[in-house]
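[1] 3D, please:
(one chain, ligands or ions: 2)
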Amino acid sequence: MTRTVLELTDVVKRYGGRRREIDALAGVTLQFQRGSFTAVMGPSGSGKSTLLQCASGLDRPTSGSVRLEGHEIGGMDERHLSVLRRERIGFVFQDYNLLPALTVAQNVALPARLAGHRLARTAVTQALAQVGLEHRSTARPGELSGGQRQRVAIARALLGKPAVLFGDEPTGALDTRTAGDVLRLLRAAVDERQQTVVMVTHDPVAASYADRVVFLADGRLDGELGRSSAEQIAERMVHLGAWGAVAGASVGGTS
Ligand code: ADP
Ligand code: MG
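    Ligands and ions are numbered 1, 2, ... in the order given. Down below sits the predicted model:
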């Protein structure tokens, strides 16, 4: 059995018309192993979100191949793709995307309900217990802190036991301590349940929770690091030219 759960081969994503075309992804080849945690870093506009959208089937590449658990999703029809997204993929965004009028438990259950799935009563409780929020199931998002809201979003993403959990700057709006709580949850999904996490981040501290850091520049891979300290990651960012000032600042001056 192969351990590769997600495989991108020469993925190109082209936006725009004839006069101003841009290759948001200009030929990206990457493999992700089951039970691994990958951080994706790169300057603003380097194609990180586009990479996540193509890898997760939210968007289709212009050319190239995306295989999830052996299924080619590039050419899949919309119906099959949405089943695959729903059952094998979880997504967490920077701004949580919770519905304010629903309770925590209702938010967690919503995607499954919309999909017409019957949910075991315990499934939502279990998902909330995984993120330490079983006691807040009847609260509304407005009564929770940012970190708690993101943990609800993670519970929602984990409910379907996805093979791959994608995060687009999931800690981008959180302070250092709450970000740590969220990152430890992502780490636990990998270490305890062999799920695969792919997370875009600007923060070297967040990236230091990953097993691997891949760097993007102008829609292309620009090297990678194995598991590294925040200082090593920041050091690497400093050498990516235009990005240096940002990287240096976020670790408090590694000059
Ligand atoms: P990042 O997440 O690294 O900031 P993105 O993946 O959002 O980068 O964008 C990569 C490039 O593609 C940028 O130049 C961006 O302007 C362009 N782009 C992204 N989405 C679209 C779109 N829907 N239409 C046109 N251009 C886009
Ligand atoms: Mg982005």
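
[2] Name the residues of the chain found near ligand 1, please.
    Proximity of the chain to ligand 1, by CB under 6 Å from any ligand atom, involves residues 15, 16, 22, 24, 42, 44, 45, 46, 47, 48, 49, 50. Heads up, the C-betas are built off the backbone N, CA and C, glycines and all.

[3] Is there a quick PyMOL command that grabs whichever of those are buried?
    Buried residues within the residues of the chain next to ligand 1, by 16 or more other CB atoms under 10 Å, are selected in PyMOL with:
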select buried, resi 24+42+46+47+48+49+50
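
[4] can you tell me which two in the residues of the chain next to ligand 1 are farthest apart?
    Based on CB to CB, the longest span within the residues of the chain next to ligand 1 runs between 16 and 42 and measures 19.8 Å.

[5] Could you pick out the residues of this structure near ligand 2 for me?
    48, 49 (CB under 5 Å from the ion).

[6] Quick check: which ranges of the chain have low pLDDT?
    Applying pLDDT under 70 to the chain picks out residues 1-2, 241-255.

[7] residue boundaries of the helices in it?
    Using DSSP state H, the helices found in the chain span residues 48-55, 78-88, 104-114, 121-130, 146-158, 176-193, 204-207, 230-238, 244-250.

[8] Give me whichever of those helices is most buried.
    Ranked by mean neighbour count under mean count of other CB atoms under 10 Å, the helices of the chain are led by helix 204-207, which reaches a mean of 26.

[9] Only C-alpha atoms, please: export that helix in CSV.
    Extracted C-alpha coordinates of helix 204-207, given in CSV (Å, rounded to 0.1, in the frame of the first residue of the first chain):
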residue,chain,number,x,y,z
PRO,A,204,7.8,30.5,11.1
VAL,A,205,6.6,29.4,14.5
ALA,A,206,3.5,27.8,13.0
ALA,A,207,5.6,26.2,10.3
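
[10] Show the end-to-end separation of stretch 194-210, please.
    The straight-line separation of the ends of stretch 194-210 (CA to CA, to the nearest Å) is 14 Å.

[11] ah, wrong one, I meant stretch 224-234
    13 Å.

[12] Adjust the sequence numbering to begin at 49 for everything that follows.
    Got it, the first residue is 49 from now on, which makes the last one we talked about stretch 272-282.

[13] contacts for stretch 75-87?
    51-60, 95, 99, 112, 211-212, 234-235, 238-239, 242-249, 254-255, 257-262, 264, 267-269 (CB atoms under 8 Å, 6 or more residues apart in numbering).

[14] I meant to write stretch 62-72 there.
    Residues contacting stretch 62-72 (CB under 8 Å, 6+ apart): 60, 61, 95, 98, 110, 267.

[15] again with stretch 186-193
    Contacts with stretch 186-193, where a contact means CB under 8 Å, 6+ apart, come from 144, 146-153, 155, 184, 197, 200, 226.

[16] switch the cut-off to 10 Å
    Stretch 186-193 has contacts (CB atoms under 10 Å, 6 or more residues apart in numbering) with 144, 146-155, 181, 184, 196-201, 222-223, 226.

[17] quick one: buried residues of that stretch?
    188, 189, 192.

[18] Would you mind stating the distance between residue 114 and residue 80?
    Distance, residue 114 to residue 80, by CB to CB, to the nearest Å: 11 Å.

[19] which residues are common contacts for these two?
    Common neighbours of residue 114 and residue 80, counting by CB under 10 Å, 6+ apart, are 54, 55, 56, 103.

[20] what's the most distant pair in these?
    Maximum distance among these (CB to CB): 9.5 Å, for 55 and 103.

[21] which residues are common contacts for these two?
    Listed contacts common to residue 55 and residue 103 are 78, 80, 114, 116; contacts here mean CB under 10 Å, 6+ apart.

[22] Would you confirm that the third one contacts residue 100?
    No - with contact defined as CB atoms under 10 Å, residue 114 does not count as touching residue 100 (11.4 Å).
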